[in-house]
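Novice: Need a 3D model of the sequence below.
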Amino acid sequence: MNLFLLVSLLFFGSPVHLLNGSDAHIISVNNIVSTQHLAEGLSISFPKNNQKVRGLYKIYGKAKPGTLVQLHVSSSYFKTTRDERKKIAKGEGPIARMNRTFSLTADRSGTWILKEIELLNTGWEETFIIKATADKKSVSVRVYDNTRPVRID
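Specialist: Numbering: from 1, shown residues only. Just a heads-up that it's a prediction; the model follows:
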């Protein structure tokens, strides 16, 4: 019984009631275990900064519950060129391609989610900038798709 009380005291850090016959003793201590807090301000949880992407993705993050989050996805890419030897090479660029804005609302736990977006390059290589803005705060993440085309003989 005493072991159980000590373990609960260490893990929970809240008042523990001891029943010893007809006497009830309350032991209170300061919180030892840190509690999980909501994300301060705004953050993008996935994808991470400088992560390689290719295909359909979910973009999600944290904000204060009920906050309207403006998610802006933009990209720039390099064209693919072929020289006289039919070799594929990097062409002109960077050229702006994608420029999309989404309005999302954080749920009661503070999570906002963009269900599906296609992050594929159109030419030689492409860089995507994902920027979330809410309550005059903004955070951005840069991801890339540097998969290059291959010439098949």
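Novice: Do I have it right that residue 102 meets residue 112?
Specialist: No - using C-beta atoms under 8 Å, residue 102 makes no contact with residue 112, being 9.6 Å away. The way it works is simple: take the backbone N, C-alpha and C, and place the C-beta from them, glycine included.
Novice: can you list residues touching both of those two?
Specialist: Contact criterion C-beta atoms under 8 Å, 6 or more residues apart in numbering; residues shared by residue 102 and residue 112: residue 71.
Novice: Identify the residues contacting the closest residue in space to residue 96 that isn't next to it in sequence.
Specialist: Spatial nearest neighbour of residue 96, chain neighbours left out: residue 76 (5.4 Å); criterion: C-beta to C-beta, 6 or more residues apart in numbering. Shown in contact with residue 76 (C-beta under 8 Å, 6+ apart): 93-97, 126-127.
Novice: if we can go back for a sec, who has more neighbours, residue 102 and residue 112?
Specialist: When residue 102 and residue 112 are compared for neighbours, residue 112 comes out ahead with 23 against 15, by other C-beta atoms under 10 Å.
Novice: any idea of the mean pLDDT in the helix or strand that contains the more buried one?
Specialist: Using DSSP states H and E, residue 112 falls within strand 111-119. In this model, strand 111-119 has a mean pLDDT of 93.
Novice: Residue 80 is in contact with residue 123, correct?
Specialist: Yes - Residue 123 lies in contact with residue 80 (C-beta under 8 Å); the separation is 4.6 Å.
Novice: Residues in a beta bridge with residue 56, which ones?
Specialist: Taking DSSP bridges as the rule, residue 56 bridges to residue 118.
Novice: Oops, could you answer that again for residue 141 instead?
Specialist: Beta-bridge partners for residue 141, by DSSP bridges, are residue 130.
Novice: Look up the pLDDT of the nearest residue to residue 73 once chain neighbours are set aside for me, please.
Specialist: Computed as C-beta to C-beta, 6+ apart, the closest residue to residue 73 that is not its neighbour in sequence is residue 100, at 5.0 Å. Listed pLDDT for residue 100 reads 93.
Novice: Perfect, that will be all.
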